[in-house]
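>>> When you get a sec, could you give me coordinates for this:
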Amino acid sequence: MLWLAACALLLGLFGLLAYWLPVSLSSNLQVRAEPSGSWVLALGIGVGPIALSAIAAHGVKPFLTCHLFGKQLVRLPLSRWLGGPKKQPAQHDPAAKGLTHSRLERAIARFFVTLDPLETLWSWWEKERIFEVRSLELDVEYSFRDVALTGQILAGLCMLSGVLPERYVINQTPLWAAEDRLLLAADGRFRIWPVRLAVDVLGFVLKQRSVARRSAVPASE
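Okay, here's the model as predicted:
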């Protein structure tokens, strides 16, 4: 029993350290859209030796990969979760037997479907001692078939650059090509307090789902 107590003590100390000490991470976002309608989006997040990347493109199903010291550990298809829970195929259908989702995948699908990612992001963005932006640099090239819209975007981003803190940098290049085109690259450095962030996000999700259930009751009546 002594070793169990020692393990519990170590886990408790690790939890306290994770609660009080921040973790530094870096991220990179790449977005490209062409006049032909093709597009690609890639997001990478690095935490020490661990790297997570999510990739989606026109005609390609999105997927998530995890690397440790440059070696790929897992690759998961995000389309199975982001599409929401699907009706399970009949058990007597042998052709559909291999298409059933596991219990874990169904739980993850329900979590993502009921969660508003933008609302969740704004709930803890720049919240004190939970999430801190150390630097965020945005490089964007764009053009639109409506040249007036290109000018409006140019003016809006110039105004935004003037009011943002110094750690936020926007570099923009309007192309004036009279066609819909976008090239965006964002590079950020952040600090997070993992345990505090997990507790805060969990509380927000539970509150959001409680509100959704209360609003669903009058609708069903």
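
>>> which parts of the top helix by length along the chain are buried?
Scanning the chain for the longest helix, with DSSP state H as the assignment, gives helix 194-220. Neighbour-count burial for helix 194-220 flags 194-197, 200-201, 204-205, 208 (criterion: 16 or more other CB atoms under 10 Å). C-betas here are computed from N, CA, C, even on glycine.

>>> by contact count, what packs against that helix?
Helix 194-220 makes packing contacts with helix 2-20, helix 103-114, helix 117-124 when contacts are defined by 3 or more CB pairs under 8 Å, 6 or more residues apart in numbering; DSSP states H and E.

>>> what mean pLDDT does the following helix or strand past the first one have?
Sequence-wise, the next helix or strand beyond helix 2-20 is strand 23-33, with elements assigned using DSSP states H and E. Average pLDDT, strand 23-33: 92.

>>> go on, stretch 40-50?
When the per-residue pLDDT values of stretch 40-50 are averaged, the result is 91.

>>> Now do the buried residues in that stretch.
If you call a residue buried by 16+ other CB under 10 Å, then stretch 40-50 has these buried ones: 41, 43-45.

>>> before we move on, what about stretch 48-60?
Residues 51-56 are the ones in stretch 48-60 that count as buried (16+ other CB under 10 Å).

>>> what are the bridge partners for the residue nearest to Q30 when sequence neighbours are not counted, then?
In this structure, Q30 finds its nearest non-sequential neighbour in A42, 4.6 Å apart by CB to CB, 6 or more residues apart in numbering. According to DSSP bridges, Q30, I55 are recorded as the beta-bridge partners of A42.

>>> residues contacting A42?
29-31, 53-56 (CB atoms under 8 Å, 6 or more residues apart in numbering).

>>> now, among those residues, which is nearest to V74?
S53 (11.4 Å; CB to CB).

>>> neighbouring contacts of the helix or strand where the closest one lies?
S53 is located in strand 50-57, with elements delineated by DSSP H and E. By CB under 8 Å, 6+ apart, the surrounding residues in contact with strand 50-57 are 38-46, 62-68, 70, 78.

>>> Can you tell me which of those residues end up in strands?
When DSSP state E is applied, these are split such that 39-46, 62-68 fall in strands.

>>> what is the mean pLDDT for stretch 69-88?
69.

>>> just stretch 203-215 next, same as before
Across stretch 203-215, the per-residue pLDDT values average to 72.

>>> Check stretch 188-198 too.
Averaging pLDDT along stretch 188-198 yields 84.

>>> Stretch 160-168 now?
Averaging pLDDT residue by residue across stretch 160-168 gives 89.

>>> List every C-alpha atom in that stretch, with coordinates, as PDB.
Output in PDB follows, covering the C-alpha atoms of stretch 160-168 (Å, rounded to 0.1, in the frame of the first residue of the first chain):
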ATOM      1  CA  LEU A 160      -7.400  47.100 -36.600                       C
ATOM      2  CA  SER A 161      -3.600  47.100 -36.600                       C
ATOM      3  CA  GLY A 162      -3.700  50.600 -35.000                       C
ATOM      4  CA  VAL A 163      -5.700  49.500 -32.000                       C
ATOM      5  CA  LEU A 164      -4.200  46.100 -31.300                       C
ATOM      6  CA  PRO A 165      -1.500  45.600 -28.600                       C
ATOM      7  CA  GLU A 166       2.100  45.300 -29.800                       C
ATOM      8  CA  ARG A 167       2.100  41.500 -29.400                       C
ATOM      9  CA  TYR A 168      -0.400  41.300 -32.300                       C
END
